[in-house]
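Undergrad: fold the stuff below for me.
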Amino acid sequence: MGIYTDHIVPRVVNWTCSSAGIARWRQKVCTGLSGDVVEIGFGSGTNVAHYPPTVRRVYAVEPASLARKLARKRVGQSSVPIENIGSDAHRLALADESCDAALVTFTLCTLNDPQAALLELFRVLKPHGTLHFLEHGIAPDEATARWQRRLNGMEQRLADGCQLIRDPLAMVRNAGFEIQWSEQRYARGPKPWSYFSVGVAVKGPFATSTD
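TA: Alright, predicted model coming up:
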């Protein structure tokens with residue numbers, strides 16, 4: 001941790017992830033959320049404006065203090081109660097099967113152990129609970145994927161650990177979730193950073209997480 005990580009990266013992320021183009025993706029991933037929702041990687045609250053009225057409460061998890069500060073205005077204007085429950089997505093301060101849905105946007109790329117975080121979401125979701133996800137990741141065409149592998153080390157250094165080469169759908173499935181629907185395509189912007197995966201996965205009533 002340092003000045004760059006604590007004070008610059010959160011501002012850059014807030015700026016890049018608040019564009020109108022990204023907002024359309026956020027609207028899509030938040031559609032269908034309801035009940036008590038846990039959101040890991042809450043950031044500066046850029047999803048808040050897209051919560052549907054069916055959301056009863058949001059439990060927010062965010063490690064960056066500046067991001068939480070930047071989120072205050074959005075949280076204050078929200079009609080949905082938002083409770084900060086900690087900073088570690090790998091250890092959620094929530095009881096088993098206590099949430100109706102989970103939301104994760106542009107977070108699995110940066111977590112030290114995204115699989116552990118997904119297993120935690122699996123644990124706290126009720127049977128038939130849904131995981132709504134929006135992530136960037138490894139591209140299907142080899143030319144772009146080759147550039148992603150070349151740039152990945154630089155990306156991790158400049159973007160606080162963010163990786164370009166993770167496969168969001170594979171990670172979600174490996175945690176025991178069943179994909180209900182998903183869409184993968186390039187968004188606007190440089191291709192190595194713009195192959196997006198959006199979708200909803202479900203925790204089946206008899207499913208068990210995979211280690």
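
Undergrad: how about the longest helix anywhere in the chain: buried residues?
TA: In the chain, with assignment by DSSP state H, the single longest helix is helix 142-158. Using 16 or more other C-beta atoms under 10 Å as the burial criterion, the residues of helix 142-158 that qualify are 144-145, 148, 151-152, 155. Placement of C-beta: from N, CA and C, glycine included.

Undergrad: okay if I get these as CSV plus distance to Ile165 and pLDDT?
TA: Below are those laid out as CSV (distance: C-beta to C-beta, whole Å; pLDDT from 0 to 100):
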residue, distance to Ile165, pLDDT
Thr144, 11, 98
Ala145, 8, 98
Gln148, 5, 98
Leu151, 9, 97
Asn152, 5, 97
Glu155, 9, 92
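
Undergrad: which one of those is nearest to Asn84?
TA: Asn84 lies nearest to Glu155 out of the buried residues of helix 142-158, by C-beta to C-beta, at 27.9 Å.

Undergrad: ok, the closest one touching Cys162?
TA: Yes - using C-beta atoms under 8 Å, Glu155 is in contact with Cys162, at 5.5 Å.

Undergrad: how about low-confidence regions in this protein?
TA: 1-20, 205-211 (pLDDT under 70).

Undergrad: for stretch 179-196, C-alpha coordinates in CSV please.
TA: Provided in CSV are the C-alpha atoms of stretch 179-196 (Å, rounded to 0.1, in the frame of the first residue of the first chain):
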residue,chain,number,x,y,z
ILE,A,179,-24.8,-20.0,-15.3
GLN,A,180,-28.4,-18.9,-16.0
TRP,A,181,-27.4,-16.5,-18.8
SER,A,182,-24.3,-14.7,-20.0
GLU,A,183,-23.1,-12.5,-22.8
GLN,A,184,-19.5,-12.0,-23.8
ARG,A,185,-18.3,-9.4,-26.3
TYR,A,186,-16.0,-6.5,-26.8
ALA,A,187,-17.0,-3.2,-25.3
ARG,A,188,-15.7,0.2,-26.6
GLY,A,189,-12.1,0.7,-25.9
PRO,A,190,-8.7,-1.0,-26.4
LYS,A,191,-9.3,-4.7,-27.0
PRO,A,192,-7.0,-6.0,-24.3
TRP,A,193,-9.1,-4.3,-21.6
SER,A,194,-12.5,-4.5,-23.3
TYR,A,195,-13.6,-8.1,-23.6
PHE,A,196,-16.5,-8.1,-21.1
